[in-house]
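Engineer: Any chance you can model this:
(4 chains)
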Protein chains: 2
Amino acid sequence: MTDAILDRAFSALADPTRRHLLTALLESDQTVVDLAAPFAMSLTAVSKHIGILIEAGLITQYREGRDRWCALNPAAMHEAFRWMQEFGYSLDQADETFEAELLELGLIDPET
Amino acid sequence: MTDAILDRAFSALADPTRRHLLTALLESDQTVVDLAAPFAMSLTAVSKHIGILIEAGLITQYREGRDRWCALNPAAMHEAFRWMQEFGYSLDQADETFEAELLELGLIDPET
DNA sequence: CGCAAACTCAACCAAATGGTTGACGATTCA
DNA sequence: TGAATCGTCAACCATTTGGTTGAGTTTGCG
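Structural biologist: The predicted model follows:
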């Protein structure tokens, strides 16, 4: 039951396009067309992503004329956040090991 | 670059089996066979899940004879956690709206 | 030695994912 | 009224995902 919510929240968050949509909404509510503008993909594709975010409970929509305005919905994000909080890891330790891991994976340059 | 890390972390977290594996490791380090025992799926399947968790940087492995011990790796979890922290939502508000949403989706009973 | 245990690897499969295009409905505006 | 804007829907496609089975490798043990 709570599994289904976390499934949808985390898999919605797993896509970079959807994460960009969410950060865009951090600024202010936006219409579907506005949200889609920066992306090099069809409006239909972005519309689908938005549908997934809605299903995941990460955003909501309200209509105004022919516009669909999207807004952040804190509920599901909060639930995912809370799940991760169970892992009471040391933040200091994490910061140290993280850099080393990035180097190992070749994802950052040594001089950065 | 950081997108790739978040992609892998969140999509690794999106599967309930893998989340169960992580919470099991919260107790203590465990071998692959031990981790697989509670699940109604083949050892190969669990081994694949573990591989995904390793690739995502959520766990690490060390060998000891024929055993492979798995241990939590806080790095990637921390990164995902930090991304979500950008959403400075009100936790109080989230708790209120979350219950309502669960009801609406039929995921919980009214009396709970 | 010889077998069992602990895995991993390779090949395969069905279903889900992320994208496309084309048609459609609803709303605004000249 | 008629055309343009703002979307959604349906069908299709290639790739990824999550599972299987069968074979192989390495290690421990009697």
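Engineer: can you give me phi and psi for A:Glu64?
Structural biologist: Backbone torsions for A:Glu64, taken as degrees, to the nearest 10, come to phi -150, psi 100.
Engineer: Compute the distance between it and DNA strand D, please.
Structural biologist: Taken as CB to the nearest atom of the strand, to the nearest Å, the spacing of A:Glu64 relative to DNA strand D amounts to 9 Å. For glycine as for every other residue, the C-beta is placed from the backbone atoms N, C-alpha and C.
Engineer: Kindly report the same for A:Leu6.
Structural biologist: Here the distance between A:Leu6 and DNA strand D works out to 13 Å (CB to the nearest atom of the strand).
Engineer: Correct me if wrong: that residue contacts A:Met77.
Structural biologist: No: contact between A:Leu6 and A:Met77 fails when scored by CB atoms under 8 Å: they sit 11.3 Å apart.
Engineer: tell me, how many neighbours does A:Ala56 end up with?
Structural biologist: Using other CB atoms under 10 Å in any protein chain shown, A:Ala56 is surrounded by 23 other residues.
Engineer: give me every residue that touches the residue nearest the centre of chain A.
Structural biologist: By CA atoms, centre = their mean, chain A has its centre lying nearest to A:Arg19, at 3.2 Å. Contacts for A:Arg19 were tallied using CB atoms under 8 Å, 6 or more residues apart in numbering or on different chains; they are A:Leu13, B:Asp3, B:Leu6, B:Trp83.
Engineer: hmm, try it at 10 Å
Structural biologist: A:Arg19 makes contacts with A:Ala12, A:Leu13, A:Leu53, B:Asp3, B:Leu6, B:Asp7, B:Phe10, B:Trp83, B:Met84, as judged by CB atoms under 10 Å, 6 or more residues apart in numbering or on different chains.
Engineer: hmm, stretch A:39-52 touching chain B?
Structural biologist: No: using CB under 10 Å from any CB of the partner chain, stretch A:39-52 stays clear of chain B, coming no nearer than 11.8 Å.
Engineer: next one: that stretch to chain centre, how far?
Structural biologist: 14 Å (CA atoms, centre = their mean, to the nearest Å).
Engineer: neighbouring contacts of it?
Structural biologist: When contacts are taken as CB under 10 Å, 6+ apart, the neighbours of stretch A:39-52 outside the stretch itself are A:8, A:11-12, A:15, A:17-18, A:20-21, A:32-33, A:35-38, A:58-59, A:61, A:68, A:70.
Engineer: for that stretch, which positions count as buried?
Structural biologist: By neighbour count, with 16 or more other CB atoms under 10 Å in any protein chain shown as the criterion, the buried positions of stretch A:39-52 are A:Val46, A:His49, A:Ile50, A:Ile52.
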